[in-house]
Structure formats: structure tokens, C-alpha cells
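> no FASTA, just this:
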């Protein structure tokens, strides 16, 4: 089922504001790596935001997710302050690890190996 125009608009608004919040809180560049919000998917009732985080060169993504979840109250409060005029209710935030970058790197490695094997033959 595809997202409605309103879901996409609210998702984009939440993504922009969360990016700013993460930057202010120092989550975007941490431990020598980077965290970015790759996408935000809203439920049809706009009460839940599924936030997909992309982590680049973070030693322990699970540990970082736990740190972000510890700050959930502060993040949601700040989000409410920023989008309170546009939305009736601040959506519940659910964070997911977006591992598409890992898949891309694995696929590139596999293609390299295949090409190297072809060149050897």
C-alpha cells in the first residue's frame, strides 16, 4: 500500500526536524562515524513515525540505537516543540536500523570478486 500525499509531507517534515535535532544533540557525527536519517514512514493515522537510521562507520550500531532510544523522551519533546503548530499530535517515534549501505558495500565486494575471477580466467 502506498503512502498518501499527507503521509509523505508529514514524514518529510519529521525527517527534516529530526535531522536538525540529531545535529543539535551531537548524534549526527559521533565516535568517528556518521548517523543520518535515511527515511521516515508515517502510519495512515499519522500517530506513528518509523524512522530509519543509516549508520556509517559506527563501531556498534546496536549500542548507538540503545543510546538514541534512551534519549527518546528528549527527542520527542523537542520534535513536539518544532512541529506543534503543524500537527495535532506528535507522532510516536520508532527507530529502525537501515542497513542498505551495508548491502551496497557487500554487493560491490561481490562484484569485485566476480570481476577478479573473470580476469584470472
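In hand now; what should we look at? No experiment lies behind these values; they were computed from the predicted model shown.
> residues contacting the nearest residue to residue 36 once chain neighbours are set aside?
Once flanking residues are discounted, residue 36 sits nearest to residue 54: 5.0 Å by C-beta to C-beta, 6 or more residues apart in numbering. Any C-beta I mention is one placed from the backbone N, CA and C, and that applies to glycine too. With contacts defined as C-beta atoms under 8 Å, 6 or more residues apart in numbering, the neighbours of residue 54 are 35, 36, 37, 38, 98, 100, 101.
> report the central residue of the chain.
Residue closest to the mean C-alpha point of the chain, counted by C-alpha atoms, centre = their mean, is residue 53 at 2.3 Å.
> tell me the strands beside the strand or helix carrying that one, with direction?
According to DSSP states H and E, residue 53 maps onto strand 48-56. Sheet pairing of strand 48-56 (DSSP bridges) gives strand 33-42 (antiparallel), strand 92-97 (parallel).
> could the ones you listed go into TSV alongside mean pLDDT and mean neighbour count?
Formatted as TSV, the strands paired with strand 48-56 follow (pLDDT from 0 to 100; neighbours: other C-beta atoms under 10 Å):
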stretch	mean pLDDT	mean neighbour count
strand 33-42	88	18
strand 92-97	91	15
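> need those strands in CSV (columns: distance to residue 61).
Rendered in CSV, the data for the strands paired with strand 48-56 read as follows (distance: least, C-beta to C-beta, whole Å):
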stretch, distance to residue 61
strand 33-42, 9
strand 92-97, 6
